[in-house]
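> Sequence first, then the predicted structure:
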Amino acid sequence: MSSQPTDQPPGGPARLLLVDDDALVRAGLVSILGTDPALHVVAEAGDGHEALAAAREHRLDLVLLDIRMPRLDGLRTLEHLRREHPTLPVAMLTTFSDEDYIAEAAGLGAMGFLLKSDAPRELITAARAIAAGGAAFSPRVAKWLLRAEATTRLDRTRTARQAVGGLTPRQHQILTILGTGASNAEIARRLHLTDGTVKQYLRELFDRLDVSNRVQAAILAHEAGLMDTATGP
């Protein structure tokens with residue numbers, strides 16, 4: 001990583017790396033994201049190799065990563081990013097034809113799934129949420145996933161409810177808030193806890209649920225029906 005990055009200083013806009021092999025798609029997304037002062041695309045890449053080089057050069061808050069690319073695709077790039085930058089949030093840019101890859105990307109640690117064709121405000125809102133430490137799904141991706149898994153939903157719901165049934169009241173509360181896509185800071189604020197305490201609770205929660213990241217935990221919260229009764233802040 002460069003010793004003197006040229007990006008925005010800490011506390012400024014979230015610094016994004018945008019990765020897509022289609023230059024026109026990149027230009028459109030840069031234009032959309034650039035309308036929000038809280039977001040700043042500091043680097044672009046056309047494939048996984050370029051993305052990894054850019055991630056080493058820039059100080060980043062979020063990578064928006066296309067799933068299908070030549071040379072090194074999004075899934076393999078995500079694997080490398082998780083090894084080299086384990087805390088860097090990565091969201092996948094998808095199309096409806098990428099159905100077979102979404103589950104694998106979630107297992108590899110993707111923190112969100114955004115449709116390239118989503119409305120500009122939806123893309124901006126999701127990018128801001130993920131850069132802040134939360135998780136986000138395009139509304140249409142979420143509906144699509146629910147339809148795709150309709151045949152196995154009952155079994156998954158039963159399994160999820162059994163897992164959630166063994167949680168303490170505090171773990172149950174935190175999982176419900178996490179399921180809304182809230183960041184650690186938001187969870188801490190709503191429960192009047194310190195960030196360190198929230199991190200400890202999340203480590204214990206992930207161990208208890210046998211999941212490896214907050215996206216998997218959020219999916220489980222939805223499958224268990226916790227979000228059906230969740231209330232706002």
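Sure thing, it's come through.
> Not including adjacent chain positions, what is the nearest residue to Gly133?
Leaving aside its sequence neighbours, Gly133 sits nearest to Ser183 (C-beta to C-beta, 6 or more residues apart in numbering; 3.6 Å). C-beta: built from backbone N, CA, C; applies to glycine.
> sec struct for Asp118, please.
The local conformation at Asp118, judged by DSSP: H, G, I helix; E, B strand; the rest coil, is coil.
> Next one: it, what pLDDT does it get?
According to the prediction, Asp118 has pLDDT 85.
> Nearest spatial neighbour of it, chain-adjacent residues omitted?
Ser138 (5.1 Å).
> got it, and Gln216?
Ala106 (6.5 Å).
> List the buried residues for the host helix or strand of Arg190?
Counting by DSSP states H and E, the element that carries Arg190 is helix 184-191. Within helix 184-191, the residues scored as buried using 16 or more other C-beta atoms under 10 Å are Asn184, Glu186, Ile187, Ala188, Arg190.
> If you count contacts, what does it end up packed against?
helix 169-178, helix 195-209 (3 or more C-beta pairs under 8 Å, 6 or more residues apart in numbering; DSSP states H and E).
> and the angle from the last one to helix 169-178?
Taking axes from the mean of the first three to the mean of the last three C-alpha atoms, to 10 degrees, one finds helix 195-209 and helix 169-178 inclined to each other by 100 degrees.
> what angle sits between helix 195-209 and helix 184-191?
Here the directions of helix 195-209 and helix 184-191 differ by 100 degrees (the same axes, to 10 degrees).
> Can you give me the buried ones in stretch 206-225?
Buried residues in stretch 206-225 (16+ other C-beta under 10 Å): 206, 208-209, 211, 213-224.
> can you count the residues close to Arg203?
For Arg203, the neighbour count with other C-beta atoms under 10 Å is 10.
> just to revisit the earlier point, the residue nearest to Gln216: how many residues sit nearby?
21.
> Ok, Gly165 next?
Neighbours of Gly165 (other C-beta under 10 Å): 9.
> and it, what pLDDT?
Gly165 is given a pLDDT of 84.
> Turn the helices and strands packed on helix 184-191 into JSON lines, including mean pLDDT and distance to Arg71.
Shown next, in JSON lines, are those (pLDDT from 0 to 100; distance: least, C-beta to C-beta, whole Å):
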{"stretch": "helix 169-178", "mean pLDDT": "92", "distance to Arg71": "35"}
{"stretch": "helix 195-209", "mean pLDDT": "92", "distance to Arg71": "33"}
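> Switch these over to TSV, and while doing so, append distance to Ala126 to every line.
Listed next are those as TSV, based on distance: least, C-beta to C-beta, whole Å:
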stretch	distance to Ala126
helix 169-178	16
helix 195-209	21
